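Asks: Provide a 3D model corresponding to the input given below.
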Amino acid sequence: YTGLSYANPSYFAHDKIGSTAAAGTGSNGPCVGCHMTSANSHAFLPVSKDASGVITAITSTACVTCHNGDYALTAAKLTTEEEEYEAALEDLKAALAAKGIHFYNAHPYFYTAPYVDGGTNTGFTNWAGVYGVALWKDTMGAAFNANLLIHDPGGYAHNRYYAKRLIFDSIDFIEDGVINGAITRTLSAHGAAYLDGNTTTAGIQRM
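Replies: I've put the predicted structure just below:
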């Protein structure tokens, strides 16, 4: 969104993994550095999960290079991050649905009503109908941000700062057509926690 910063904090280092800037993480770039440094590297998974999809262990050897001591990363902490990320995305989907923009995981992804299997479903295209012609790009942007992150299930680990800001700003805008750095709609407890809110009610501020 225009005028807002999406720059990473100075201590963000995931983009340096697999380079000399992050010693001990290899030299093949961040994707290989995280996803192919486990004992079963060709599975391309930095974690192991149980049958229900819960993270049981961090298998990538790159993570511990930085995530140690006070910043130690455990399977439980990573699971919480994943759950909160998914909850925040559900809150964004709910905010969009409140404006008649309903997500369903099939092209074109946004519909004028909740998707019905086997029914007649109409793709949402009236982006100017929500907040007017002047703001149609921001309205579409909120939906496209949701679609982007829903299709990056590892977004909470790839770059949680960028992901949080996209989700926050999209909810902030779509709820009333104004970017003011605060979310006033009620969020789920997990979603609010992911967006650094201390409450599920009004007043969650942009990080």
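Asks: Look at residue 189 and say how many residues are nearby.
Replies: Other residues within reach of residue 189 by the criterion other C-beta atoms under 10 Å amount to 12. Placement of C-beta: from N, CA and C, glycine included.
Asks: I'd like the numbering to begin with 70 instead of 1 from here.
Replies: OK, 70 is where the count begins now, so the last one is residue 258.
Asks: pLDDT score for it?
Replies: pLDDT, residue 258: 90.
Asks: Span of stretch 197-204 from start to end?
Replies: 7 Å (C-alpha to C-alpha, to the nearest Å).
Asks: no wait, stretch 132-140
Replies: Termini of stretch 132-140 sit 11 Å apart (C-alpha to C-alpha).
Asks: Tell me which stretches of this structure form helices.
Replies: With helices called from DSSP state H, the chain shows them at 98-104, 132-135, 144-166, 197-200, 205-219, 224-227, 229-245, 258-263.
Asks: Ramachandran angles for the closest residue to residue 275 other than its chain neighbours?
Replies: Nearest non-adjacent residue to residue 275, counting by C-beta to C-beta, 6 or more residues apart in numbering: residue 250, 4.4 Å away. In this entry, residue 250 is assigned phi and psi values of phi 80, psi 10 (degrees, to the nearest 10).
Asks: how many neighbours does residue 250 have?
Replies: With other C-beta under 10 Å as criterion, residue 250 counts 13.
Asks: now it: how far from residue 75?
Replies: 14 Å (C-beta to C-beta, to the nearest Å).
Asks: Identify the contacts common to the two.
Replies: Here residue 250 and residue 75 share no contacting residue, scored by C-beta atoms under 8 Å, 6 or more residues apart in numbering.
Asks: quick one on the thing from earlier: in terms of pLDDT, where does the residue nearest to residue 275 sit?
Replies: So, for residue 250, pLDDT stands at 88.
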